[in-house]
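Peer 1: sequence unavailable; structure follows:
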Ligand code: GAP
């Protein structure tokens, strides 16, 4: 794929064409920022979950997994701070009636200066060719320096406004910058208001008795409220972790960029409970460990970078994002947070129940400190899909589209294809599948020419393609084609299991990323 901005479009259309991701309730024209995973998407999603669960839970004696309810007692969200502070500042354009995140409007305005710098760099490269020194150019070119100064100034003013929650100043800032609505082209803005991102509903059927409850905006709180249950029933000793995979819901004002930002999404979170004072050691440990988990997939180390937070949330004493180079640029894929004892302490206060651990070595009780690792499953899915989708020009000049998904995550591991639909070849192919299906997700494929079938399997990311031909009936050998190298080899049917397993086994990933 040549142009990065085209890649997201390609990913969306490829995902739909091959049954990975569909717009939700598409027959009714879809629902904004909501997507359904199709037959291949559900498999890929399950494989990602499995990789995470095995690496985090099964490879760690001291980490256990739970599955808490989506609905929780409303006080949970008071304690966690979500009722009072889980807000985004929103603004409406009175002419187009479109709603925006006020801070994002300013950020997008600032982005224009970044684009200007990129254009200046491209011009410099064109002018000076190989002798172009980008670092020196960025440090000395007057146009670039002017743009950078503007970026720094605007960013620091935005930061001050957001830190003081000054919504009047935010509106005045938007007006001062002459930011207009991209739809109506006018600056006819409403005041800026805070908008709580939690979805609420009512519990119970009698209106008067109904209590407001929320769809959880993160899975983490299901872990905190179960801290003592798990610690006591599992006889867990500090340090230990509790992991969970599940749905979370946020009424995002600006929900876009496909499955990157949705209103209903899935998180894979782990809270690691440690001794107070040891949290920064464990924070560094988990930051490195989670980075390894990502890199073990082999998508390429250049796809990842760390973004250490300078401005910390009031409950955190260290935080970093593992960012991924998505088609829209580097963005947060996973967060690693040192959350101190904030959540357990707040739950202790509001519930009146002690949430402490008696440490026999120290001979005292304390509220443990927490390191959190939190990754969005849908973002991980987008990362895998966008880094895997490739268009290749072959030696004969023809093109192929290949989805080089890491083999352990691929929906189908092997496609078995009879060369023709006659002479008993389909029966032989099915007999092979009947043996392999205990270990691998297999697909039987007999439609179209063999070349077209190879292309289709390349496009859906199947790592191995086995062809059954007339020779198979004589000597029990088949050809096996590798998705990535396109090399074909004649092998004995009895060797298939070993050959496939060597490449697709999750153990390969777990050895490096577990
Ligand atoms: N418990 C901590 C927490 O929820 P967060 O940074 O708000 O932290 C964690 O979310 C991860 O969840 C993010 O790194 C991202 O991968 C994913 N995520 C958050 N909001 C999302 C959304 N609207 N759509 C898809 N994924 C989202």
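Peer 2: Perfect, thanks for sending it. All figures in this text were calculated on a predicted structure; none of them were measured in a lab. Numbering: from 1, shown residues only.
Peer 1: which residues in the stretch 151-300 of the chain form strands?
Peer 2: In the stretch 151-300 of the chain, the strands defined using DSSP state E, counting those that start in this stretch lie at 193-196, 200-203, 211-214, 240-249, 264-274.
Peer 1: among these, which is the most enclosed?
Peer 2: Mean neighbours per residue, mean count of other Cβ atoms under 10 Å, is largest over these for strand 264-274, with a mean of 23. Using the backbone N, CA and C atoms, a C-beta is placed for each residue, glycine as well.
Peer 1: what does the stretch 251-400 of the chain put close to the ligand?
Peer 2: Residues of the stretch 251-400 of the chain lying close to the ligand (Cβ under 6 Å from any ligand atom) are 252, 261-262, 265, 267, 269, 332-335, 372, 374-376, 378-379.
Peer 1: if we can go back for a sec, can I get the strands of the stretch 151-300 of the chain in TSV with mean pLDDT?
Peer 2: Putting the strands of the stretch 151-300 of the chain into TSV (pLDDT from 0 to 100) gives the following:
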stretch	mean pLDDT
strand 193-196	93
strand 200-203	88
strand 211-214	88
strand 240-249	98
strand 264-274	98
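Peer 1: residue 220: which of these is closest?
Peer 2: If you check each of the strands of the stretch 151-300 of the chain against residue 220 by Cβ to Cβ, strand 264-274 wins as the nearest, at 5.2 Å.
Peer 1: name the helices or strands packed onto that closest one?
Peer 2: helix 39-53, helix 220-224, helix 227-233, strand 240-249, helix 279-295, strand 369-376, helix 377-388 (3 or more Cβ pairs under 8 Å, 6 or more residues apart in numbering; DSSP states H and E).
Peer 1: quick check on residue 449: phi, psi?
Peer 2: phi -70, psi 160 (degrees, to the nearest 10).
Peer 1: so how far does stretch 129-143 reach from one end to the other?
Peer 2: 19 Å (Cα to Cα, to the nearest Å).
Peer 1: please work out the average pLDDT along that stretch.
Peer 2: The predicted model gives stretch 129-143 an average pLDDT of 90.
Peer 1: buried residues in that stretch?
Peer 2: Of all the residues in stretch 129-143, those buried under the rule 16 or more other Cβ atoms under 10 Å are 137, 141.
Peer 1: show me the domain layout of this structure.
Peer 2: 39-72+197-393, 87-194, 398-513 (automatic domain parsing).
Peer 1: closest to residue 16 out of the ones you listed?
Peer 2: domain 39-72+197-393 (9.9 Å).
Peer 1: how far does the closest one stretch from one end to the other?
Peer 2: 29 Å.
Peer 1: residue 391 belongs to a helix, doesn't it?
Peer 2: No - judged by DSSP: H, G, I helix; E, B strand; the rest coil, residue 391 forms no part of a helix; its state is strand.
Peer 1: if we can go back for a sec, quick one: closest of the strands of the stretch 151-300 of the chain to residue 65.
Peer 2: Closest among the strands of the stretch 151-300 of the chain, using Cβ to Cβ: strand 240-249, at 4.6 Å.
Peer 1: next one: the helix or strand that contains residue 497 to chain centre, how far?
Peer 2: Secondary structure from DSSP states H and E places residue 497 in helix 496-504. Put simply, helix 496-504 sits 28 Å off its chain's centre (Cα atoms, centre = their mean, to the nearest Å).
Peer 1: now for whichever helix or strand comes after that helix, which elements pack on it?
Peer 2: Moving toward the C-terminus from helix 496-504, the next helix or strand (DSSP H and E) is helix 506-513. If contacts are counted by 3+ Cβ pairs under 8 Å, 6+ apart, helix 506-513 sits against helix 39-53, helix 279-295.
Peer 1: pLDDT on the next helix or strand after the shortest one, on average?
Peer 2: Later in the chain than helix 39-53, the nearest helix or strand by DSSP H and E is strand 63-66. Per-residue confidence for strand 63-66 averages out to 98 on the pLDDT scale.
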